[in-house]
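Peer 1: This is a predicted model, with the sequence first.
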Amino acid sequence: MRQHVRAVIDETLRALKAKGVISFDAIPNYSIDAPKSAEHGDWACNVAMVMSKAVGKKPPELADAIIANLVDAQAIIVSVERAGPGFLNLRLKDVVFQRVAREVLAAGAQFGRRAPKSTGKKVMVEFVSANPTGPVHIGHARGAFMGDAISRLLDAAGHDVTREFYINDSGKQVETLGRTVYKRYRELFGEQITLVEGEYPAEYVIEIAKAWRAEVGDAFLSKPEAEWLPAAVAVGIRQNLKSIKATLAKANISHDVFFSEQSLHDSGAVKAIVDVYKARGVTYEATEGRRKDNKEKVRDAESKASKFADRQLGGTFLMTATWQDEKGKMPLKDEEDRIILRADGTPVYLTADLAYHKAKFDRGYELMVDVFGADHAGHVPRIQSGIHLLGFDTRKLEFVLVQIVRITRGGEEVKVSKRKGTLFELSDLIDEAGADVCRFIFLMKTRDAQFDFDLDAVTKQSKDNPVFYFQYGHARCASILKKAAEKSVPFVGLDTLTDAQLARLTLPEEKAMLKKISQLPDVVASAADRLEPHHVLYYCQELIGDFHAYYTQYKSDPIISDDGEKTQGRLAMVAALKQTLKSAFGILGIDAPEYMEAPAEE
């Protein structure tokens, strides 16, 4: 519907240019929005204010010229009025609302989406990236669903999207995993073992050891550490990744690429990036890194940085804070310069992370989205600074930081699985609540909102359960269409639908719903630009709420009646609403059920 209005405005502007009333090179981007009050019309347009300076006319003067010369080739405008400083308030004919149903049904499953890869923009979303030292637990859950939904949104917006998982398969943590696996492996042959602090006591490590023994028997019992440690690390990573992928599949989440950190070390990319920075003159050798404010470093005694401060003494530091531009200013956002190479020549985690992000830019992505937990917020300015110092455009790199969500049952936080005695895994949460419920709950709030995931609430089949209420909207549409068929008045379908039948959709609530239905493509595009999936959820909730209210209000004038033409018009609207919800649900990765039991209150 918005596109029809834009076509009228654009054609009018071109006509004014042809008449010599105004002159411009190109029509700029302007907005067409639903006004806050229905009294102001169906759509409000700010084109006169946007173009006034370029054409040399004041906004009210340009608005009046547009109104006086309106080119309405399709005869869809009832009236146009100037309001305020130059807004155009437009009212449309009923036929414009009614044709929405036909347009949605014609688009089918593609409604709300642009053609795949139609923008030509290469986008990469990196998300989950859980350490391969254990399963995906509830601490990873929100980032997993958020990253997947953002990927789906960007795909629906027509971009060429790659979903990537960065495997932290290098360093002390995976080495500790390998040592634990080897101990459990020896234990399977009757040896008494003792796990030390930091090793992994959970049951899954025993299962990894069993899988390893089934493959190699006792072959590694007498091998030196130089042979058994790499093998134990490899099998540990392999089995944990297998488990991680299985859990993500259960959550309806998939990745196109699993990128190995170890591959960066093996290829020499990590050491090479240090040389790049040195060549660019943005490093220095020192005992400690400099701070932007020149104050002495004060660290939390319990922080990792404090506990391992001795490892940070001496080495190569990157000017992530104190680099100066040509004006002598320090524009980077990091608080202090960061070590990238220790005195003994070994790189730190940040160095590998910078090499990884350089590889993203080298692969030609035009937008790179990192979905991190909020606890990684301090890492963001280091990466941004490091990328800037490489000469890349940091605007191509977006960070989505998601806040923690508490899982509760009976008012108490759930952290541990009663069955396993370990961290509550995402797989367990899905088994208990369902993948759709998990996805909905983790996406329903803004990324920076903290809230509780109440396991008791999401099992109730009532309108108070937001997930049930959400999916029930689609199921109700399906039920109405099924009931019409059972009453021998099935929806005639798109090919047989007539304008006379659609012309019976004249109620204010019907027009409002059709108008809102028409906005799905814009909602999806906006949500994709903002990397905020919750806007699509809110849109669906509003649409479903409008339909439930309409259904209840007009029970005395039901959708299925003895008036054949009105019945078909309303069934067309219901079918269009059903398709809209199914499309929106699908873009977010949520199932659209055809049948659900009605809530008790109905």
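Peer 2: Thanks, I have it. Everything quoted here is computed from the prediction, not taken from an experiment.

Peer 1: And the helices in the stretch 401-550 of the chain, which stretches?
Peer 2: Using DSSP state H, counting those that start in this stretch, the helices found in the stretch 401-550 of the chain span residues 426-433, 435-443, 466-486, 499-502, 508-518, 520-530, 534-553.

Peer 1: For the shortest one, enumerate the helices and strands it packs against.
Peer 2: If I follow you right, that is helix 499-502. Where contact means 3 or more Cβ pairs under 8 Å, 6 or more residues apart in numbering; DSSP states H and E, helix 499-502 is packed against helix 94-107, helix 564-588. For every residue, glycine as well, the C-beta is placed using N, CA and C.

Peer 1: now that helix: mean pLDDT?
Peer 2: Across helix 499-502, pLDDT averages out at 96.

Peer 1: separation between V405 and A527?
Peer 2: 20 Å (Cβ to Cβ, to the nearest Å).

Peer 1: Between these two, tell me which one has more neighbours.
Peer 2: A527 (25 against 18; other Cβ atoms under 10 Å).

Peer 1: Hmm, that one is touching L154, no?
Peer 2: No - counting by Cβ atoms under 8 Å, A527 stays clear of L154, with 9.7 Å between them.

Peer 1: any idea what sits nearest Y349, other than its immediate chain neighbours?
Peer 2: G171 (6.9 Å; Cβ to Cβ, 6 or more residues apart in numbering).

Peer 1: Let me know the helix or strand that the residue lying farthest from the centre of the chain is in.
Peer 2: The C-alpha centroid of the chain is most remote from S222, which lies 49.4 Å away (Cα atoms, centre = their mean). Take DSSP states H and E as the rule and S222 turns out to sit in neither a helix nor a strand.

Peer 1: what's the answer for R152, then?
Peer 2: Assessed by DSSP H and E, R152 sits inside helix 138-156.

Peer 1: Just the CA atoms of whichever helix or strand comes after that helix, as PDB, please.
Peer 2: Per DSSP H and E, the first helix or strand lying C-terminal to helix 138-156 is strand 160-167. The C-alpha trace of strand 160-167 is given here as PDB (Å, rounded to 0.1, in the frame of the first residue of the first chain):
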ATOM      1  CA  ASP A 160      23.800 -12.800   0.700                       C
ATOM      2  CA  VAL A 161      24.200 -14.000   4.300                       C
ATOM      3  CA  THR A 162      26.800 -16.300   5.700                       C
ATOM      4  CA  ARG A 163      26.300 -17.800   9.200                       C
ATOM      5  CA  GLU A 164      29.600 -18.400  10.900                       C
ATOM      6  CA  PHE A 165      30.700 -20.200  14.100                       C
ATOM      7  CA  TYR A 166      34.200 -19.300  15.400                       C
ATOM      8  CA  ILE A 167      35.800 -22.300  17.100                       C
END
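
Peer 1: Provide the strand pairings for strand 160-167, with the direction of each partner.
Peer 2: Here strand 160-167 is paired, per DSSP bridges, with strand 122-126 (parallel), strand 257-260 (parallel).

Peer 1: relative orientation of it and helix 138-156 in degrees?
Peer 2: 160 degrees (axes from the mean of the first three to the mean of the last three Cα atoms, to 10 degrees).

Peer 1: what does strand 160-167 rub up against?
Peer 2: 117, 119-129, 132, 147-148, 151, 154-155, 237, 241, 254-262, 356, 365 (Cβ atoms under 8 Å, 6 or more residues apart in numbering).

Peer 1: Make a ChimeraX selection of the buried ones in these.
Peer 2: Selection of buried members from the contacts of strand 160-167 for ChimeraX, criterion 16 or more other Cβ atoms under 10 Å:
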select :122,123,124,125,126,127,128,129,132,147,148,151,154,155,237,241,255,259,260,261,262,356,365
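
Peer 1: looking at the helices and strands packed on helix 499-502, which is closest to T287?
Peer 2: Checking the helices and strands packed on helix 499-502 against T287 by Cβ to Cβ gives helix 564-588 as the closest, at 51.1 Å.

Peer 1: list the buried ones in that closest one?
Peer 2: With burial defined by 16+ other Cβ under 10 Å, the residues of helix 564-588 counted as buried are 566-588.

Peer 1: Ok, stretch 78-85 next?
Peer 2: V80, R82.

Peer 1: Closest to the centroid, which residue in this structure?
Peer 2: I150 (2.1 Å).

Peer 1: which residues does that one contact?
Peer 2: If a contact means Cβ under 8 Å, 6+ apart, then I150 has V125, F127, V369, V371, V400, A528, L531, P533 as its contacts.

Peer 1: bridging residues for F453?
Peer 2: Bridge pairing for F453 (DSSP bridges) gives the partners I407.

Peer 1: residues in contact with it?
Peer 2: By Cβ under 8 Å, 6+ apart, the contact set of F453 is V405, R406, I407, T408, I441, F442.

Peer 1: mind running it again at 6 Å?
Peer 2: If a contact means Cβ atoms under 6 Å, 6 or more residues apart in numbering, then F453 has V405, I407, I441 as its contacts.

Peer 1: Kindly report the same for L531.
Peer 2: By Cβ under 6 Å, 6+ apart, the residues touching L531 are I150, V400.

Peer 1: on that earlier part again, helix 534-553 and the helix holding R152, what's the angle between them?
Peer 2: Relative orientation of helix 138-156 and helix 534-553, computed by the same axes, to 10 degrees: 80 degrees.

Peer 1: If you count contacts, what does the host helix or strand of M49 end up packed against?
Peer 2: Under the criterion of DSSP H and E, M49 resides in helix 47-55. Here helix 47-55 touches helix 59-68, going by 3 or more Cβ pairs under 6 Å, 6 or more residues apart in numbering; DSSP states H and E.
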